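S.K.: Provide a 3D model corresponding to the input given below.
(one chain, ligands or ions: 1)
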Amino acid sequence: MSNIPKIVILGAGYGGVLTALRLQKELNYNEADVTLVNKHDYHYITTHLHMPAAGTDNPENARVSISKLIDEFKIDFVKSTVVQIRPQDKKVILEDGTLSYDYLVIGLGGEPETFGIPGLAENAMNIRSINSVRLIREHIEYQFARYKREPHRTDYLTFIVGGAGFTGIEFVGELADRIPELCKQFDVDPSLVKIYNIEAAPTALPGFDPELVQYGMDVLQKKGVTFRIGTAIKECTPEGVVVGEGEEIKSATVIWTGGIRGNRLIEEAGFETMRGRVKVDEFLRCPGSENIYIVGDNSLMFNPEGRPYPPTAQIAMQQGVVCAHNLVASIRNQPLKTFVFSNKGTVASLGKGEAIGIAFGKKYKGRVAAWLKKMIDIRYLFIIGGIPLVLKKGKFL
Ligand SMILES: Cc1cc2nc3c(=O)[nH]c(=O)nc-3n(C[C@H](O)[C@H](O)[C@H](O)COP(=O)(O)OP(=O)(O)OC[C@H]3O[C@@H](n4cnc5c(N)ncnc54)[C@H](O)[C@@H]3O)c2cc1C
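M.R.: Numbers count the residues shown, from 1 in each chain. Now for the predicted structure:
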């Protein structure tokens, strides 16, 4: 049996892919066996998913074949679903086999958090993966077709988005752009279509710059979005949602973007978690299990003021780089690097040609912010796949 350490990476999301790409670059020949496990043979660009969900872009543009990203002479890719993590045995159970590891990286991404709201898990859809956005896109078109057969059912033309965080705001922006096209295609009077964005917090985009939030809401309202801010969804049923003090909004489409938690496999593995996320140490290791690293939405880290960093692609990518560095350092018995988050800013799209954001300490809105958003997306494609990927998947217009 070989004495080469075995590194297993679970999940080819932002954290997992960056870890794999960096290991591929930094490890010398025969220094470690690296295996990347993912349930699909493609990586998806989560930050694009609001577009194919609304139907303003093709889902193909939001996914990249993993074989195009990694060097399969250096990294073994296993397409499978993880069903159990067994830290006590240093094993991972897959739906079709078992892997043993010396070092484990967990980057399985988050799951929707429904905060125990009755009916949400059963009746609402989520923008989480290529498969989930395909479903949303088809579902939206189908509601227009159904309405033409049952014109008394205006609930088919009412679209409810729960949560006005970044995902909710970006999605309603795209949906509002798509509606005129669908109305034309299905001969539907646009004034019959309603888009509600419902948020329990006292503001949309909680924690974001208030002036930019106001700008964003004005843009979206002009496009036809109705905001119900400071309004909690109390229940979700097959007929719609119940909000506030019992008001019912009838709708055949509820999309929940209001919360994200870590992965249930981590809780089931016996790690101490907060909403499925593990509070990692400064080197990104799981406390008490120094051979296990956790990156991305599965990890929990706090800023110097003691507040948790929101789970973003940006932090997941930076963690992937440091995680790979620390794995190589562990193997070489060298000192580990502390993870320090460098916030490059945040930009939220509001649909075609409109966005709001803060980058490099400055506020941006309108076309300039929309351009910035494109540059961020292109930069990511470049990091993971170089110029060929930018040319293939990059959106310049
Ligand atoms: C619509 C939307 C827009 C967003 N926009 C932004 C943005 O503009 N900027 C930003 O910084 N962040 C944004 N985010 C957040 C960002 O996408 C996440 O924080 C980021 O994807 C987390 O990366 P990750 O590596 O933890 O996991 P993910 O990217 O979620 O990847 C997890 C991977 O694990 C795989 N997987 C899951 N379970 C299993 C299993 N059991 N077995 C095998 N494989 C499994 C999945 O298929 C996936 O490939 C957005 C999120 C959404 C949903």
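S.K.: right, and Ala124 touches Gly162 too?
M.R.: Yes: Ala124 is within contact range of Gly162, at 6.6 Å (criterion: C-beta atoms under 8 Å). Placement of C-beta: from N, CA and C, glycine included.
S.K.: which residues do these two both contact?
M.R.: 236, 254-256 (C-beta atoms under 8 Å, 6 or more residues apart in numbering).
S.K.: closest point of the stretch 251-397 of the chain to the ligand, which residue?
M.R.: Gly296 (2.0 Å; C-beta to the nearest ligand atom).
S.K.: wait, doesn't that residue sit right on Gly15?
M.R.: Yes: if you go by C-beta under 8 Å, Gly296 and Gly15 touch, sitting 3.3 Å apart.
S.K.: overlap in contacts of these two?
M.R.: The contact lists of Gly296 and Gly15 share 107, 316, 319-320, where a contact means C-beta under 8 Å, 6+ apart.
S.K.: For the ligand, tell me which of the residues you listed show up nearby.
M.R.: Counting by C-beta under 6 Å from any ligand atom, 107, 316 from the shared contacts of Gly296 and Gly15 sit close to the ligand.
S.K.: follow-up on the earlier one: residues in contact with the residue of the stretch 251-397 of the chain closest to the ligand?
M.R.: Gly296 neighbours (C-beta under 8 Å, 6+ apart): 11, 13-16, 107, 109, 311, 315-316, 319-320.
S.K.: How about Thr158?
M.R.: 193-194, 196, 240, 249-253.
S.K.: Put the buried members of those residues into a ChimeraX selection.
M.R.: In ChimeraX, the members of the contacts of Thr158 classed as buried (16 or more other C-beta atoms under 10 Å) are selected with the following command:
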select :193,194,196,240,249,251,252,253
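S.K.: For Cys236, name its beta-bridge partners.
M.R.: Val241 (DSSP bridges).
S.K.: Quick check, pLDDT for it.
M.R.: Per-residue pLDDT puts Cys236 at 98.
S.K.: Could you do the one 4 residues further on as well?
M.R.: Gly240 carries a pLDDT value of 97.
S.K.: correct me, but it touches Lys250?
M.R.: Yes: counting by C-beta under 8 Å, Gly240 touches Lys250, with 4.3 Å between them.
S.K.: Now for these two: what residues contact both?
M.R.: Common neighbours of Gly240 and Lys250 (C-beta under 8 Å, 6+ apart) are 155, 158.
S.K.: which residues are there in the stretch 151-300 of the chain that come within reach of the ligand?
M.R.: So the stretch 151-300 of the chain meets the ligand at 166-167, 170, 296-298 (C-beta under 6 Å from any ligand atom).
S.K.: Determine which two of the residues you listed are furthest apart.
M.R.: Maximum pairwise distance in those, criterion C-beta to C-beta, is 22.5 Å, between Glu170 and Asn298.
S.K.: Arg134 touches Asn58, doesn't it?
M.R.: No: between Arg134 and Asn58 there is no contact under C-beta under 8 Å: 10.2 Å.
S.K.: overlap in contacts of those two?
M.R.: Residues touching both Arg134 and Asn58 by C-beta under 8 Å, 6+ apart: Pro52.
S.K.: quick one: contacts for Val347?
M.R.: Taking C-beta under 8 Å, 6+ apart as the test, what Val347 contacts is 355-359, 364, 369, 372-373, 376.
S.K.: Look up the residues forming beta bridges with the residue lying closest to it once chain neighbours are set aside.
M.R.: Counting by C-beta to C-beta, 6 or more residues apart in numbering, Val347 lies nearest to Gly357, which is 3.0 Å off, once chain neighbours are set aside. Gly357 forms beta bridges with Val347, Tyr364, as assigned by DSSP bridges.
S.K.: so Gly357 touches Trp371, yeah?
M.R.: No: with contacts defined as C-beta under 8 Å, Gly357 does not count as touching Trp371, sitting 10.4 Å away.
S.K.: Show me which of these two is the more surrounded one.
M.R.: Gly357 (23 against 15; other C-beta atoms under 10 Å).
S.K.: Look at the more buried one and report its pLDDT.
M.R.: Gly357 is given a pLDDT of 96.
S.K.: quick one on the thing from earlier: may I ask which two of the contacts of Gly296 are separated the most?
M.R.: Longest span within the contacts of Gly296, C-beta to C-beta: Gly11 and Ile315, 15.0 Å.
S.K.: quick one: which of those two has more around it?
M.R.: Gly11 (26 against 22).
S.K.: Contact partners for that one?
M.R.: 37-38, 106-109, 296 are the contacts of Gly11 under C-beta under 8 Å, 6+ apart.
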